[in-house]
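J.: Below: sequence and its predicted model.
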Amino acid sequence: MKRNVRLLERALWTAGILLVTAYAVHRGTGLMRARADVARVVSARAAFSVAPPNTQEQDWSEKRINMWRIAETAHTAAPLGVLRIGRLKIEVPILAGTSDVVLDRGVGHIEDTAAPGTPGNIGIAGHRDGFFRPLKDIALGDKLDVETVTGRSTYRVEKIWIVNPDDVSVLDPTETASVTLVTCYPFYFIGSAPQRLIVRAIAVASGDSRSSS
């Protein structure tokens, strides 16, 4: 009887030690994951802190400058990423949606298109008299980068064309990872512009540096 009691005690002690060890490992792993998450958030904040636009150099309209100043203080969700087009000196946060506040503050990720940082056709809209004014000088072969928390993807402009506002086929899914930029056209049209400028850029393979910067 005493022997059975001692065996039971040992079994309970062993089980207790295993549970404590498992808890310690789980807690340690949890802390490591938490620290990694914090590091990613800090990194994202640093990456998504873009410099204020040079509105004079980029030929913004006076109305758009005023709207941007108002929207700058408005509360919006954290950026999904950053769009950079080096040759055109575009560096702008990508925000979710295409509301007035979003497009006054940055450029907007078009709903129901691939999310920044994922495969598919990423639709991004911007104002022709604001952040996307420099697109009037976009050229085939220009390089653009989309940076998110998970990393940076590079694309090369392969097609530029004009469509009517109701032509949403430009946002259809694509077999190749791509970015589709959309803005009103003509750039200096007075009033509501009647057309849309579409810029399609295709993902650049890793190590391919032929695109312009």
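T.: In hand now; what should we look at?
J.: which residue ranges form the strands in this structure?
T.: 81-85, 90-96, 107-109, 121-125, 143-148, 151-163, 178-185, 195-203 (DSSP state E).
J.: Minimum distance to A71: which of these has it?
T.: Proximity to A71 (CB to CB) singles out strand 90-96 among those, at 10.0 Å. Quick note: C-beta positions are derived from backbone N, CA and C, even for glycine.
J.: name the helices or strands packed onto that closest one?
T.: The contact analysis (3 or more CB pairs under 8 Å, 6 or more residues apart in numbering; DSSP states H and E) places strand 90-96 against strand 81-85, helix 100-105, strand 107-109.
J.: and of the ones you listed, who's closest to K143?
T.: strand 81-85 (7.5 Å).
J.: returning to what we had before: could the helices and strands packed on strand 90-96 go into JSON lines alongside mean neighbour count, mean pLDDT and distance to E158?
T.: Formatted as JSON lines, those follow (neighbours: other CB atoms under 10 Å; pLDDT from 0 to 100; distance: least, CB to CB, whole Å):
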{"stretch": "strand 81-85", "mean neighbour count": "23", "mean pLDDT": "93", "distance to E158": "14"}
{"stretch": "helix 100-105", "mean neighbour count": "19", "mean pLDDT": "93", "distance to E158": "25"}
{"stretch": "strand 107-109", "mean neighbour count": "24", "mean pLDDT": "96", "distance to E158": "20"}
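J.: Run through the bridge partners of the residue nearest the centre of the chain.
T.: Central residue of the chain (CA atoms, centre = their mean): G81, 2.6 Å from the mean position. In this entry, G81 is beta-bridged to I94, by DSSP bridges.
J.: Okay, now the unreliable bits of the chain?
T.: Along the chain, the parts satisfying pLDDT under 70 run over 1-49, 206-213.
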